[in-house]
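Colleague: only geometry, no sequence info:
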């Protein structure tokens, strides 16, 4: 067995091999159960009709879109402070998952809003905030792709994540301020869990947990891929040096 | 088979279709790249063990 | 002394930024129609957006010159702390790009039928906000300094960071033009500028150190 340059990644891969099957199965199961339950076995809403069924996709996706960024933030901090390569690669791995969650939240939000608001897109503060989040994700991923040296890329993207978080939070307030005049009487509140009746909240929780486990499964798997890709680069660099 | 979605059937169905499509795309691309990288690394390591 | 002179080099965005600001302003009526009511309503926002884009344009040359001829390495080892260097760079960018835009805005406002009330508020909001654009932009320039074709990536990275400044700045200008109260957005804008000027240089310097390794 060839020598790994870093002990940490090896342990991570070993652990992840054991944990992956559990994550795949449990997330698949819970997502299926939650979505089927929500889609087939819940009543229509008084005001929103059957469109309320979109909540089982929209809310979990939106939650994970935010949580994914938060996880990237923590992982970036760990990289900056403790220089664990696995941490930096985990942040890199999580970003595409986060951006897809953001896209799902945006798509379902827009589709849901269409019959309610009469337009395909409305600059509702929450939707707009997710659009801005989408741009933050895009920039983060683009920066990783643009930089050759893995350590430099890890350093720069983690600083971008830290700085970006501050501005993302600021943007949230700015967008709320920007749109406070409009849609105040919006009949649709897209993620007000407190207004959701029990008949909806149970399958919703199942979906939320399912999406969360799905995120974990994806990040574990993708981090493994990143570790191996980095390993390949290192090996090829060593080959070139020896030649 | 499908519940009666009333006048919103297009809305609800397209929302579900779009979401499931995006999730499927993500999973497929992830697994595809994952398998390819894994294969490349195994090949590379085999070759290094042979030569080194 | 030479270090100071090097620090103040801003890559010459002066004329280009102004020209771009003018061009964008002229393009707007072509794209939305010449109706004066419409133009008057969107003028504050358009001026803000034009100023923002003009700032963006001159950013990728801000550090590129120094990177290419090695002056950045010199500056990094100079007795001046890197945080001060990036702050001076941002200031130089503001003086050569941001400030001229602020002064040009009223003139361009005439082209867009900016209401009389609006002139004052456009200038004040731009004056308060363009420093933030320069400082944030310097951070973006530092991130992409080594890259070929870094300009596009720079825009992608910096635009989301510009959102709060743009929103509060344009809102202040817009509300001022309509005679509404402007305290909140103006204060938020000032707060953002102050915070960013004080804190962002640390991030920019850290990024430069990484890129200079």
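Modeller: Yep, that arrived. Source: prediction; values computed, not measured.

Colleague: What residues sit buried inside stretch C:99-109?
Modeller: For stretch C:99-109, a neighbour-count test (16 or more other CB atoms under 10 Å in any protein chain shown) marks C:99, C:100, C:101, C:102, C:104, C:105, C:106, C:108, C:109 as buried. Backbone N, C-alpha and C define where each C-beta goes, glycine included.

Colleague: hang on, residue C:62 in a helix?
Modeller: No: counting by DSSP: H, G, I helix; E, B strand; the rest coil, residue C:62 is not part of a helix but coil.

Colleague: Stretch A:41-48: how far from the chain's middle?
Modeller: Distance of stretch A:41-48 from the chain centroid (CA atoms, centre = their mean, to the nearest Å) equals 28 Å.

Colleague: For that stretch, give me every contacting residue.
Modeller: With contact meaning CB atoms under 8 Å, 6 or more residues apart in numbering or on different chains, stretch A:41-48 is reached by A:50, A:51, A:52, A:53, A:116, A:187, A:188, A:199, A:200, A:203, B:6.

Colleague: Tell me the buried residues within those residues.
Modeller: Neighbour-count burial (16+ other CB under 10 Å) applied to these gives A:50, A:51, A:52, A:53, A:116, A:188, A:200, A:203.

Colleague: can you tell me which of these are up against chain B?
Modeller: Contacts with chain B within the buried ones among the contacts of stretch A:41-48, counted by CB under 8 Å from any CB of the partner chain: A:50, A:51, A:53.

Colleague: Show me which of these is closest to residue C:191.
Modeller: For those, the minimum distance to residue C:191 (CB to CB) is 39.9 Å, reached by residue A:51.

Colleague: hang on, isn't the closest one packed against residue A:112?
Modeller: Yes: taking contacts as CB atoms under 8 Å, residue A:51 lies within contact range of residue A:112: 5.7 Å.

Colleague: Pull up the overlap in contacts between the two.
Modeller: Each of residue B:11 lies in contact with both residue A:51 and residue A:112 under the rule CB under 8 Å, 6+ apart.

Colleague: that older thread, report the two members of the buried ones among the contacts of stretch A:41-48 separated by the largest distance.
Modeller: Across these, the longest distance by CB to CB is 21.1 Å; it joins A:116 and A:203.

Colleague: okay, now residue C:63: neighbour count?
Modeller: Neighbour count of residue C:63, defined by other CB atoms under 10 Å in any protein chain shown: 31.

Colleague: residues contacting it?
Modeller: Residue C:63 makes contacts with C:11, C:72, C:89, C:138, C:141, C:142, C:145, C:208, as judged by CB under 8 Å, 6+ apart.

Colleague: what do you get for residue B:40?
Modeller: Contacts of residue B:40 by CB under 8 Å, 6+ apart are residue A:232.

Colleague: Mean confidence (pLDDT) on whatever helix or strand it lives in, please.
Modeller: Residue B:40 belongs to helix B:9-51 when assigned by DSSP states H and E. Across helix B:9-51, pLDDT averages out at 94.

Colleague: on that earlier part again, let's have the buried residues of stretch C:99-109 in JSON lines, adding pLDDT and secondary structure.
Modeller: Shown next, in JSON lines, are those (pLDDT from 0 to 100; DSSP: H, G, I helix; E, B strand; the rest coil):
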{"residue": "C:99", "pLDDT": "95", "secondary structure": "helix"}
{"residue": "C:100", "pLDDT": "94", "secondary structure": "helix"}
{"residue": "C:101", "pLDDT": "96", "secondary structure": "helix"}
{"residue": "C:102", "pLDDT": "97", "secondary structure": "helix"}
{"residue": "C:104", "pLDDT": "96", "secondary structure": "helix"}
{"residue": "C:105", "pLDDT": "97", "secondary structure": "helix"}
{"residue": "C:106", "pLDDT": "96", "secondary structure": "helix"}
{"residue": "C:108", "pLDDT": "96", "secondary structure": "helix"}
{"residue": "C:109", "pLDDT": "96", "secondary structure": "helix"}
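
Colleague: And these, which is closest to residue A:21?
Modeller: Using CB to CB, residue C:101 comes nearest to residue A:21 of the buried residues of stretch C:99-109, at 58.4 Å.

Colleague: Would you agree the closest one is in contact with residue C:53?
Modeller: No: Residue C:101 lies out of contact with residue C:53 (CB under 8 Å); the separation is 10.1 Å.
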